Every structure is written in structure tokens, then in C-alpha cells.
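Visitor: need coordinates for the below:
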Amino acid sequence: PLAVPRAAASAGALSDGSFLVAGGGSADAAPAELVSPSRSALALGEPEGVRDAPALLPLPDGAFVLGGQDADGMPRRDGLRVAGCPDACVVLPGPRRETARPGAEVDTDNGLIAGGAPGDPNAQRIEAVEAGEVVLRHTLVHARERPGLVALSDTVLLVLGGRDEAGPREDAELCVAAAP
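Guide: Below you'll find the model as predicted:
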């Protein structure tokens, strides 16, 4: 079982068969926990407010970065980094965005964040988390809220549909993102 009740949480598998579960708790719950069939759930980090529906991005070093929404449903600008799991998990400050990113879609396999809500100046950006920083990898021709993402390789991403000010889009963009 979980250490605390959670709804709208995200989970990521770890190399030993355990899972990192993040977000979806109350404001006074730990932001993440380590869950394993062989031991009790372990709460990770200090309570720091609601973090619902977080994007849980795996990083090449085995750590995860998570974002999420606050109690009002707005994207949080502060990220967290969970590292050292499963043996010595720690929750550290993660990348911080200058602005929140409502309507963005996340490609967790490649650690990319794409699109955003209509009118958001970041809605044409594809970004990645690299060395603890959010960096621009590509600029889309069109702003897209909640586009479909298909990674064709490490640097090629197909961005499908989404929404803009006029409504649903029926086109796609083939993006060659700058390599990390």
C-alpha cells in the first residue's frame, strides 16, 4: 500500500522492480514515495504543497524530475529532482521555470516538454531537462495545446494535432531537436 492516499499521481519503474510514486497527495503529504512489493512504502521529501498530475521525467542518470499542478489546478513553476533510488532516495530542488506551462504535453521516454495553452508565449517550445536546467531544444511553427508526441529517434519528434486559438489542429510537425 501507499504511505498516504494519492489521486492524480504519476509513477515510474525503477531498476529493482520498485516504483517511484509522485504527486496526487494533500498539501501536507510528502511529494513522492518509494513503493515496493517487498517492503512498506517509504515517504520521500518534506511536504511542500499540492503537486497533482505531475510529469515524472526520467533522466539519463536514473533520477526523475517532477512538476505538477497546485491546489488551484495551475502548473507549478518549481520542479523537484528525486535521485539515488532505490537504495538512497533523496528529494532535491529541481529545475525552476520562469513561467508555468499549462497545456504542455510530456514525452517521458525522452524527457521532452512540448506545447502549451493558447496564448502562452511558451506554446511553441519543445524543451528538455538537462543538467538540472530547462533548455530549449526546438521551436514549433505553430502553438499547440496538448499535442500528441511520437519520438522517432533521440532527436526527431513528430508533434501531432493539439489545439490553438481556433480549435483542434489537424496537422503535424516533424521536429529535429537539438541533441543534448
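
Visitor: the residue nearest to Ala151 when sequence neighbours are not counted is in what secondary structure piece?
Guide: Spatially, and ignoring its direct neighbours in sequence, Ala151 is nearest to Asn110 (5.0 Å; CB to CB, 6 or more residues apart in numbering). For glycine as for every other residue, the C-beta is placed from the backbone atoms N, C-alpha and C. Taking DSSP states H and E as the definition, one finds Asn110 inside no helix or strand.

Visitor: and Asn110, how far from Pro75?
Guide: Asn110 sits 20 Å away from Pro75, taking CB to CB, to the nearest Å as the criterion.

Visitor: next one: Leu158
Guide: Distance, Leu158 to Pro75, by CB to CB: 24 Å.

Visitor: more neighbours: these two, which one.
Guide: When Leu158 and Pro75 are compared for neighbours, Pro75 comes out ahead with 20 against 14, by other CB atoms under 10 Å.

Visitor: tell me the confidence at the one residue sitting closest to the centre of the chain?
Guide: Centroid check for the chain by CA atoms, centre = their mean gives Ala55 as the closest residue, at 2.4 Å. At Ala55, the model reports a pLDDT of 76.

Visitor: now the one 10 residues further on
Guide: With respect to pLDDT, Val65 has a value of 85.

Visitor: elements contacting the one helix or strand it maps to?
Guide: Using DSSP H and E, Val65 maps to strand 64-66. Applying 3 or more CB pairs under 8 Å, 6 or more residues apart in numbering; DSSP states H and E, one finds that strand 64-66 contacts strand 19-22, strand 56-58, strand 78-83, strand 90-96.

Visitor: may I have the phi/psi pair for the most far-flung residue of the chain relative to its centre?
Guide: Largest separation from the mean C-alpha position in the chain: Ser38, at 27.3 Å (CA atoms, centre = their mean). Dihedral pair for Ser38: phi -100, psi 0, per degrees, to the nearest 10.

Visitor: gap between it and Ser18?
Guide: According to CB to CB, Ser38 and Ser18 sit 8 Å apart.

Visitor: residues contacting His142?
Guide: By CB atoms under 8 Å, 6 or more residues apart in numbering, the residues touching His142 are Gln124, Asp164, Arg169, Asp171, Glu173.

Visitor: if we go to 7 Å?
Guide: Asp164, Arg169, Glu173 (CB atoms under 7 Å, 6 or more residues apart in numbering).

Visitor: closest to Leu34 among these?
Guide: Each of these was scored against Leu34 by CB to CB, and Glu173 proved nearest at 38.0 Å.

Visitor: partner residues bridging the closest one?
Guide: Counting by DSSP bridges, Glu173 is bridged to Val159.

Visitor: wait, it touches Ala143, no?
Guide: No. Glu173 lies out of contact with Ala143 (CB atoms under 7 Å); the separation is 11.1 Å.

Visitor: looking at the two, which has the bigger crowd around it?
Guide: Taking neighbours as other CB under 10 Å, Glu173 and Ala143 compare with Ala143 leading, 23 against 19.
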